[in-house]
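>>> 3D, please:
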Amino acid sequence: MNDQKIAFSFRFVISFLFVLVVIPFLPLLISRRWSWWEAWVYAIGNILGFAASRVLAARQHPDLLVERSRFLQNADAKPWDRLLSPLVGVGSGLVPLAAGLDELLGWSPAFGMPEKIISLALILAGYVLASYALIENRFFSGMVRIQTERGHKVVSSGPYRWMRHPGYAGGALSFLATPFFLNSSWALIPAVLITIIVVIRTYLEDRTLQAELEGYGDYASRVRFRLIPGIW
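Below you'll find the model as predicted:
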């Protein structure tokens with residue numbers, strides 16, 4: 001049993017470091033353009049945002065990171081999310097991967113500074129929204145499941161006052177803005193595809209919560225919109 005725990009911890013640490021360090025630096029590692037300031041800002045912003053949100057979430061809800069570390073390990077996770085959740089993870093790495101290849105091979109012309117400033121602002125807004133949702137929601141698991149053993153209940157405070165799935169909204173916003181900041185029209189392809197997956201996952205999760213989580217139906221009647229206030 002101890003060996004299994006050690007093996008799991010080792011796998012978790014490796015995957016954690018890959019997400020925290022390798023993926024943000026993919027544009028620089030692939031293009032080998034070390035003077036690419038946008039890629040440096042993207043990498044450092046990702047790392048600092050990820051680390052800060054997890055530290056704050058752990059201080060607010062010490063058991064949340066334990067729950068999230070059990071990714072794909074929970075037997076009661078919804079079968080469809082065993083496919084969609086990893087796809088979101090893989091897709092999030094394809095955006096910087098495509099941007100790095102684009103820069104290396106010179107496929108796309110550079111966007112102008114106004115577009116970069118706007119896209120950077122949108123990326124940061126997405127980070128803040130997703131982090132706010134993570135910090136506010138003790139039940140922000142990496143997999144869709146009803147966390148009965150953790151006393152799962154509806155969270156309606158913080159960004160959940162405005163939309164039902166702010167974490168997904170923030171992630172999608174950052175995905176879609178990143179290609180413009182990294183000068184990559186080709187990176188829009190994985191960004192759009194992953195956003196479609198996020199929308200599908202949002203729909204299925206919302207349907208699950210309405211059917212299985214006590215009080216969620218009443219919450220949904222008060223907070224009408226899932227991802228985009230005023231639209232959906």
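>>> shaky segments in the chain?
1-18 (pLDDT under 70).
>>> what's the residue closest to the geometric middle of it?
The centroid of the chain falls nearest to G171 when counting by Cα atoms, centre = their mean (4.5 Å).
>>> Surely it is in contact with A130?
Yes - using Cβ atoms under 8 Å, G171 is in contact with A130, at 5.3 Å. Glycine gets a C-beta too; all of them are placed from N, C-alpha and C.
>>> Helices of this structure, residue ranges please.
For the chain, the helices defined by DSSP state H occupy 2-17, 26-31, 37-60, 64-69, 81-105, 113-136, 166-181, 188-212, 216-222.
>>> packing partners for the fifth one?
So the one you mean is helix 81-105. Applying 3 or more Cβ pairs under 8 Å, 6 or more residues apart in numbering; DSSP states H and E, we find helix 81-105 packed against helix 26-31, helix 37-60, helix 166-181, helix 188-212.
>>> right, so the ones you listed: which one is the most enclosed?
helix 166-181 (a mean of 24; mean count of other Cβ atoms under 10 Å).
>>> could you dump that one to PDB, C-alpha only?
Provided in PDB are the C-alpha atoms of helix 166-181 (Å, rounded to 0.1, in the frame of the first residue of the first chain):
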ATOM      1  CA  PRO A 166     -17.200  30.900 -13.800                       C
ATOM      2  CA  GLY A 167     -14.200  28.600 -13.800                       C
ATOM      3  CA  TYR A 168     -15.000  27.300 -17.200                       C
ATOM      4  CA  ALA A 169     -15.800  30.800 -18.400                       C
ATOM      5  CA  GLY A 170     -12.400  32.100 -17.300                       C
ATOM      6  CA  GLY A 171     -10.600  29.200 -18.800                       C
ATOM      7  CA  ALA A 172     -12.300  29.600 -22.200                       C
ATOM      8  CA  LEU A 173     -11.600  33.300 -22.200                       C
ATOM      9  CA  SER A 174      -7.900  32.800 -21.700                       C
ATOM     10  CA  PHE A 175      -7.800  30.000 -24.300                       C
ATOM     11  CA  LEU A 176      -9.400  32.200 -27.000                       C
ATOM     12  CA  ALA A 177      -7.200  35.300 -26.200                       C
ATOM     13  CA  THR A 178      -3.900  33.500 -26.100                       C
ATOM     14  CA  PRO A 179      -3.400  33.000 -29.800                       C
ATOM     15  CA  PHE A 180      -3.700  36.800 -30.400                       C
ATOM     16  CA  PHE A 181      -1.100  37.500 -27.700                       C
END
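>>> Could you tell me the angle between the direction of that helix and that of helix 37-60?
Computed with axes from the mean of the first three to the mean of the last three Cα atoms, to 10 degrees, the direction of helix 166-181 lies at 170 degrees from that of helix 37-60.
>>> Show me what helix 166-181 is packed against.
When contacts are defined as 3+ Cβ pairs under 8 Å, 6+ apart, helix 166-181 packs onto helix 37-60, helix 81-105, helix 113-136, helix 188-212.
>>> and that helix with helix 188-212, angle?
Using the same axes, to 10 degrees: helix 166-181 against helix 188-212 is 180 degrees.
>>> Return the distance of helix 166-181 from the chain's centre.
From the chain centre to the centre of helix 166-181 is a distance of 8 Å (Cα atoms, centre = their mean, to the nearest Å).
>>> and what of stretch 82-101?
Counting by Cα atoms, centre = their mean, stretch 82-101 is centred 10 Å from the centre of its parent chain.
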